[in-house]
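[1] Based on what follows, work out the 3D shape:
(2 chains)
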There are 2 protein chains.
Amino acid sequence: MTVPSMALPELVDRSSAAGLGGIGLWSSSWETLGVDEAARLVRTAGLRVSSVCRAGMFPARDDAAREAGRSDNHLLVEAARVLDAEALVVVCGAAVGTDLTRARREVAEGLAGLADHARAHGVRLAVEPMHPMMIADRSVVTSLREAVDLVETLDHPAVGLALDAYHVWWDAYWREELARAPHRLLAVQVSDWVTPVVHQLRSRGMPGEGVVDLDGFLQTVTGSGFDGVVEVEVLSDAWDARPADVAFAAALAGVDALGALAGARAEDG
Amino acid sequence: MTVPSMALPELVDRSSAAGLGGIGLWSSSWETLGVDEAARLVRTAGLRVSSVCRAGMFPARDDAAREAGRSDNHLLVEAARVLDAEALVVVCGAAVGTDLTRARREVAEGLAGLADHARAHGVRLAVEPMHPMMIADRSVVTSLREAVDLVETLDHPAVGLALDAYHVWWDAYWREELARAPHRLLAVQVSDWVTPVVHQLRSRGMPGEGVVDLDGFLQTVTGSGFDGVVEVEVLSDAWDARPADVAFAAALAGVDALGALAGARAEDG
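    Numbers count the residues shown, from 1 in each chain, chains lettered A, B, ... in the order given. Prediction:
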């Protein structure tokens, strides 16, 4: 989603040539090819699928909407299985109306139901706390504390956490919350905080473009035992307005400037 | 600041006529008249000054900037004393650079120093946790948990809390954090969450315009023992672009639609 206009074959070629260990995929990325062909492409290139994004969106207006959501989530579990993804990211969903307590209950119930389905298909779910400015659009789970509480309470073998620096860097307590459940961490993402925020969902910056101490973030994350692929996920209207290959190069440059990721990619192209 | 273009005499007249119990003032509001005349106007109208906004901004680039900030803060303490304000709101300040740990230490140190000065002048400081999307501009104190920890650790008779629904409504834990220190609550503000967020600082809505359960918020706040004046604080480029009297009327209408504030104003005009 950092380069949404780049077709999957080009993304795979460039990622492989850049020595990346894997890529994170949103469902739009395999819309044209189909998920089986997408999986073949990625596998042939020797890349891992670090995550598939995104299932979830549990709070629903009515039973019909809830059933439609469940059906979408099952398709995503199937896709994650075909792609052999390390995790299926769960974005829990916004409230319908103003009742956050009800929404959070629906999230817990929806997650529990999806967890069994995921386990049956050998897929792991990664619950992602999202920045509080996204609460009305994407997720009532707005802090790592809440995500850890949710996941620890459910205590399901198929359910862990996704941690994105952009969503948690403001939180004075994210490190101690992660220390409650480091073994749950399934997916890690980085992007940077740039101001002004011109939209609550699509104002992210490339690593190094903003004020987040991403090296410190990644040191904590790897120190907690995470050894998976770190994703760069930059949802940005500003970057989307530029050519995809420029955005791709900027993401690589941002990664290379992070000491915590030194040597993480084996460039061969 | 809900009606920044309305001159203080008109604001005082309208607020008094509307049966409001008090008004919150930013320093810009007395720039023209001077603080003594402002205090006389407000007192003559029978209004309380629910809060003065804002001191704080503790992290500084260097000693000169820190000294300038201290001097500004002392002027605000003096103004709050002259205005007989219920509280002087403290906006703790953003980090200089990327080191949030250092910034939070500077906030704790700066607050401790200002607390003694405030106490000597009979002024109470209200530390305001701010929405995490404002961390790079306004405050590294981004949750009520952090504000309560800060204030409880300092445990100073002149230091309490300011609570704005806009800044904390997303937080699944704000109620239990408030329950740790309900006696510290000195100032309460409301505005509403509207999307899209077009700027991290100035996208607020009038009560009722968005998705925050402000009645539930106020029930919790009054249930915790707060019996002061509730402020409407709507920082909004969109509302600022409309005539101030239209914004003032919209704020009143928003307040009147809140069941939790039923009967709170004694309209006589």
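[2] ok so A:Leu25 is a helix residue?
    No: A:Leu25 sits outside any helix when classified using DSSP: H, G, I helix; E, B strand; the rest coil, being strand.
[3] Counting neighbours, what do you get for it?
    Around A:Leu25 sit 25 other residues, with neighbours defined as other Cβ atoms under 10 Å in any protein chain shown. Placement of C-beta: from N, CA and C, glycine included.
[4] cool, and A:Val211?
    18.
[5] Likewise for A:Arg145?
    Going by other Cβ under 10 Å, the residues that sit close to A:Arg145 add up to 23.
[6] Which residues does the helix or strand harbouring A:Leu186 contact?
    For A:Leu186, the enclosing helix or strand under DSSP states H and E is strand A:185-190. Contacts of strand A:185-190 from elsewhere in the structure, counted by Cβ atoms under 8 Å, 6 or more residues apart in numbering or on different chains, are A:24, A:50-51, A:86-87, A:89, A:124, A:126, A:128, A:160-166, A:178, A:207, A:212, A:214, A:217-218, A:221, A:224-226, A:228, A:230-233, A:258.
[7] which of these are buried?
    Neighbour counting over those (16 or more other Cβ atoms under 10 Å in any protein chain shown) leaves A:24, A:50-51, A:86-87, A:89, A:124, A:126, A:128, A:160-166, A:178, A:207, A:212, A:214, A:217-218, A:221, A:224, A:226, A:228, A:230-233, A:258 as the buried ones.
[8] So which of those are in strands?
    Members of the buried ones among the contacts of strand A:185-190 lying in strands (criterion: DSSP state E): A:24, A:50-51, A:89, A:126, A:160-164, A:230-232.
[9] Chain B: which of those is nearest?
    Proximity of these to chain B (Cβ to the nearest Cβ) peaks at A:Asp164, which lies at 13.4 Å.
[10] Residues in a beta bridge with that closest one, which ones?
    According to DSSP bridges, the partner residues bridging A:Asp164 are A:Gln189.
[11] what about it, distance to A:Ser203?
    For A:Asp164, the distance to A:Ser203 under the criterion Cβ to Cβ, to the nearest Å works out to 14 Å.
[12] same thing with A:Glu78?
    Spatial separation of A:Glu78 from A:Ser203 under the definition Cβ to Cβ is 33 Å.
[13] More neighbours: which of these two?
    A:Ser203 (24 against 14).
[14] neighbours around the closest residue to the more buried one other than its chain neighbours, how many?
    When the adjacent residues along the chain are set aside, A:Ser203 lies closest to A:Val197, with 4.6 Å between them (Cβ to Cβ, 6 or more residues apart in numbering or on different chains). Number of residues near A:Val197 (other Cβ under 10 Å) recorded here: 23.
[15] did I read that right, A:Val197 in a helix?
    No: following the definition three-state DSSP, A:Val197 is coil and is not counted among the residues of a helix.
[16] residues contacting it?
    When contacts are counted by Cβ under 8 Å, 6+ apart, A:Val197 touches A:133, A:203, B:133, B:197, B:199-200.
[17] ok, 10 Å please
    Counting by Cβ atoms under 10 Å, 6 or more residues apart in numbering or on different chains, A:Val197 touches A:131, A:133, A:203-204, B:133-134, B:136-137, B:197-201, B:203.
[18] Tell me the backbone dihedrals of it, please.
    Backbone dihedrals for A:Val197, given as degrees, to the nearest 10, come out at phi -80, psi 110.
[19] where's it relative to B:Ala136, distance?
    Using Cβ to Cβ, A:Val197 is found at 9 Å from B:Ala136.
[20] any common contacting residues for the two?
    When contacts are counted by Cβ under 10 Å, 6+ apart, A:Val197 and B:Ala136 are jointly contacted by B:Gln200.
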